[in-house]
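Q: What shape does this take:
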Amino acid sequence: MDNPDALLAAATRHTTPCGDGDLVWHRWGPAGGAPVVLLHGGSGSWTHWLRNIAPLAAAGHAVWVADMPGFGDSAAPPDGGDADVLPGWLETGLQQLLGATPVAVVGFSFGALVAGLWAQARPARVARLVLVGSPGLSAERLPPLDLRRWDSLPPGPARLAVHRHNLLQLMLAHAASATPLAVTLHAANVERDRLRQRRMMLTDAVARLLPQLACPVHGIWGALDVLYAQRLPLIGQVLATAPGHRSLVLVPEAGHWVAWEAAEAFNAALAAALADGLTRG
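A: Predicted coordinates for the structure are as follows:
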């Protein structure tokens, strides 16, 4: 579904505390469905999952999608500005919304780092973990991308052109994937990002925590993810250190934002990962 207004209208909106403000959640799917929590990437919001929510709900999952603290419509966390402070607010929120019910957690990019830290801190909460384009597998610094400043430009075509350029530098492998809607969503998300000093994703934080996780762990990556150009084998090598490692899918012809650029293949891989987790769990 490429209609964010229609998808949002089908959701139930919930809020939980985040400092003096709210952490905003949206929920889709049947009340009794197996709960799946989706965590968006950096400079993102629930719209990172626009093409994936409806298939999950149609398959019978209760789909919970947060705007993580500091992003989208949620308040910034009062206790820090990096991934390590977010699991606490997410856990507090789910305690209010679902009690102690274990959930599957799917994290994209920065959200994958948050998901891994959450699984490490609260193993009883995270029944299965799906990492999508996760950073933190190596502390090796990559050559800088040609990302351009947009904030000195007034709203309008010139600013959107910069957002489109940046989207193609980091998030998408093919120009055709940077549709007007993709650019609009990306612009809205980036311009609401209040956690711009993130540093943990430049470390090997995920590689260090994976050996401590007992839950089933799956990976889904775009095979053209610019963060892993020329080093795709690293992904499988690091994921294999998780005791519960189950699978890794490299989606052909897709970049970092694989859930958007190759939504059909991604949705199939995610459905398989969730089914495998449920069967083994």
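Q: the strands in the stretch 151-281 of the chain, which residues?
A: With DSSP state E, counting those that start in this stretch as the criterion, the stretch 151-281 of the chain has strands at 217-222, 245-251.
Q: mind exporting the shortest one as PDB, just the C-alpha atoms?
A: Coordinates of each C-alpha in strand 217-222 appear next as PDB, following Å, rounded to 0.1, in the frame of the first residue of the first chain:
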ATOM      1  CA  VAL A 217      18.000 -14.300  14.900                       C
ATOM      2  CA  HIS A 218      17.300 -13.700  11.300                       C
ATOM      3  CA  GLY A 219      18.800 -11.200   8.800                       C
ATOM      4  CA  ILE A 220      17.400  -9.500   5.700                       C
ATOM      5  CA  TRP A 221      19.700  -7.200   3.700                       C
ATOM      6  CA  GLY A 222      19.600  -5.600   0.300                       C
END
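Q: quick one, it and strand 245-251 angle?
A: Counting by axes from the mean of the first three to the mean of the last three Cα atoms, to 10 degrees, strand 217-222 lies at 10 degrees to strand 245-251.
Q: what lines up beside strand 217-222 in the sheet?
A: strand 126-132 (parallel), strand 245-251 (parallel) (DSSP bridges).
Q: Run through who's touching that strand.
A: 128-134, 173, 210, 228, 232, 235-236, 239, 242, 244-251, 254-258, 261-262, 266, 269-270, 273, 276-277 (Cβ atoms under 8 Å, 6 or more residues apart in numbering). All C-beta atoms are positioned from the backbone trio N, CA, C, and that covers glycine.
Q: Turn the strands of the stretch 151-281 of the chain into a markdown table, columns for mean pLDDT and distance to Leu195.
A: What follows is the strands of the stretch 151-281 of the chain, written out as a markdown table (pLDDT from 0 to 100; distance: least, Cβ to Cβ, whole Å):
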| stretch | mean pLDDT | distance to Leu195 |
| --- | --- | --- |
| strand 217-222 | 98 | 23 |
| strand 245-251 | 98 | 27 |
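Q: winner for burial among the ones you listed?
A: Greatest average neighbour count among the strands of the stretch 151-281 of the chain goes to strand 217-222 (a mean of 27), per mean count of other Cβ atoms under 10 Å.
Q: in whichever strand or helix holds Ala6, what counts as buried?
A: Element membership for Ala6 (DSSP states H and E) is helix 4-9. Of the residues in helix 4-9, 4, 7 count as buried by neighbour count, 16 or more other Cβ atoms under 10 Å.
Q: now swap in stretch 14-28 and tell me
A: Result for stretch 14-28 [16+ other Cβ under 10 Å]: buried residues 14-16, 18, 22-28.
Q: got those residues as CSV, with secondary structure and pLDDT columns?
A: Compiled in CSV, the buried residues of stretch 14-28 are given as follows (DSSP: H, G, I helix; E, B strand; the rest coil; pLDDT from 0 to 100):
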residue, secondary structure, pLDDT
His14, strand, 98
Thr15, strand, 98
Thr16, strand, 98
Cys18, strand, 97
Asp22, strand, 97
Leu23, strand, 98
Val24, strand, 98
Trp25, strand, 98
His26, strand, 98
Arg27, strand, 98
Trp28, strand, 98
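Q: Fine by me, thanks again.
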